[in-house]
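Undergrad: Dropping a prediction and its sequence here:
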Amino acid sequence: MRKQFLLLTVVGSVILFVFLRLYNLTLLPVFADEAIYIRWAQLIVQDPKQYAFFSMYDGKPPLYMWLLTGFLQLKPLDPLWASRLLSATVSLLHLGILLVTVRKLHLKRAIYPITILLAAIFPFMLFHGRMGLMDGLLALGMQILVLGLIQIQRDRNFLGSLVGGLGFTIALYTKTP
């Protein structure tokens, strides 16, 4: 009975999390950086050889724009909606990594629904999960880095180094400063 209740609350919390990210996704006005990132990604789609590293002229690493090109390839989608869908997807991945981090810390399973609920309403995650900005991807990379550091500390194995390096690389290729 207790496991069923826990499973039900986790599933309900994830549904709330996804609903808060996808409901009226284009309701917020277009942010200037969003428009810039979308245009750079559109240029990459048009001519990848010439524009693959175009964002680096402005000092921005290209990982977010490269990921956005995949979402822009879905033709029926509005570019703004595609960009924000990428951010919502990154936010959902961030939630998954957050739950793995909670598990690695050996916390009680009752903490999972609380973690999901807090992540669903936490202003930083909510805002960047609904806007087509690269800060959500940066936070995902940093969360993966934290997970790798926890694995290094707890398990003392090589996998933690790889996970931490992956997180740092994602963060570095998202926003260098």
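TA: Yes, it's here.
Undergrad: for this structure, what helix or strand is lowest in average pLDDT?
TA: Every helix and strand in the chain was compared by mean pLDDT, DSSP states H and E; the lowest is helix 2-22, with a mean of 83.
Undergrad: The longest helix that the chain contains: what's the following helix or strand?
TA: Assignment by DSSP state H gives helix 79-104 as the longest helix of the chain. Reading on from helix 79-104 to the C-terminus, the next helix or strand found by DSSP states H and E is helix 111-121.
Undergrad: Would you indicate which residues of whichever helix or strand comes after that following helix are buried?
TA: Downstream of helix 111-121, the first helix or strand assigned by DSSP H and E is helix 123-130. For helix 123-130, the neighbour count (16 or more other C-beta atoms under 10 Å) marks 125, 126, 128, 129, 130 as buried. Backbone N, C-alpha and C define where each C-beta goes, glycine included.
Undergrad: Contacts only, for the nearest residue in space to the fourth one that is not next to it in sequence.
TA: For residue 129, ignoring the flanking residues on the chain, the nearest one in space by C-beta to C-beta, 6 or more residues apart in numbering is residue 91 at 3.2 Å. In this structure, residue 91 makes contact with 17, 21, 125, 128, 129, 136, judged by C-beta atoms under 8 Å, 6 or more residues apart in numbering.
Undergrad: CA atoms of the least confident helix or strand of the chain as CSV?
TA: Taking Å, rounded to 0.1, in the frame of the first residue of the first chain, the C-alpha atoms of helix 2-22 are listed here in CSV:
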residue,chain,number,x,y,z
ARG,A,2,2.8,2.4,0.9
LYS,A,3,4.7,1.7,-2.3
GLN,A,4,1.6,2.2,-4.4
PHE,A,5,1.0,5.6,-2.7
LEU,A,6,4.6,6.6,-3.3
LEU,A,7,4.4,5.5,-6.9
LEU,A,8,1.1,7.4,-7.4
THR,A,9,2.5,10.6,-5.8
VAL,A,10,5.7,10.4,-7.9
VAL,A,11,3.7,9.9,-11.1
GLY,A,12,1.3,12.7,-10.2
SER,A,13,4.2,15.0,-9.4
VAL,A,14,5.8,14.2,-12.8
ILE,A,15,2.6,14.9,-14.6
LEU,A,16,2.3,18.2,-12.7
PHE,A,17,5.9,19.0,-13.6
VAL,A,18,5.3,18.3,-17.3
PHE,A,19,2.0,20.2,-17.3
LEU,A,20,3.6,23.3,-15.8
ARG,A,21,6.3,23.2,-18.5
LEU,A,22,4.1,22.5,-21.6
